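In: Everything below, folded, please.
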Amino acid sequence: MKRKVGLLAIVLLAGLISCASFTQTTYKSLFIAGTTYDAAMKSVASLQRQGVISDVQRAEINKYANHYYVSYQVAVDAFVLYKKTETAATRTKVIAAVAEVFARWPTFAEYVNRIRAGTLPNKLEEVK
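Out: I've put the predicted structure just below:
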């Protein structure tokens with residue numbers, strides 16, 4: 001009986017550790033995605049004030065930025081739901097939503113970088 005309880009404890013502990021790791025990775029990924037977006041938009045605003053970016057270009061940048069930001073908000077909402085339920089289904093939704101955020105970044109960055117090369121990183125830093 002002790003052996004079964006010990007094995008069950010190990011399985012539960014492994015589950016908690018992987019859950020904690022998933023949670024930490026998700027927090028870090030969303031932090032990177034959010035802070036990078038904020039810094040990007042500050043850079044875009046600065047370039048517009050300097051006259052490097054026109055109003056027409058800014059409107060186009062805002063379209064790409066909005067697609068990215070909406071995907072970020074979806075990922076945040078999915079993570080909030082996961083934290084409330086901690087089910088496999090909500091975890092899968094978080095993974096897909098965060099992947100979508102990281103997938104949308106290059107399109108946004110490429111457009112800004114066409115106007116002024118090197119303004120934004122080409123891809124978001126991955127959390128491992």
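In: I figured residue 110 was touching residue 119, is that so?
Out: No. Contact between residue 110 and residue 119 fails when scored by Cβ atoms under 8 Å: they sit 10.6 Å apart. From N, CA and C alone the C-beta is placed, and that goes for glycine too.
In: Can you report how many residues neighbour residue 115?
Out: Using other Cβ atoms under 10 Å, residue 115 has 16 neighbouring residues.
In: OK, contacts around it?
Out: Going by Cβ atoms under 8 Å, 6 or more residues apart in numbering, residue 115 touches 47, 52, 53, 57, 61.
In: And for the nearest residue to the third one once chain neighbours are set aside, the neighbour number?
Out: Nearest residue to residue 53 in three dimensions, chain neighbours excluded: residue 47, at 4.6 Å (Cβ to Cβ, 6 or more residues apart in numbering). Per other Cβ under 10 Å, the neighbour tally for residue 47 reads 18.
In: do the same with residue 56
Out: 8.
In: of residue 110 and residue 119, who's got more company?
Out: Ranked by neighbour count (other Cβ under 10 Å), residue 110 and residue 119 place residue 119 first, with 17 against 12.
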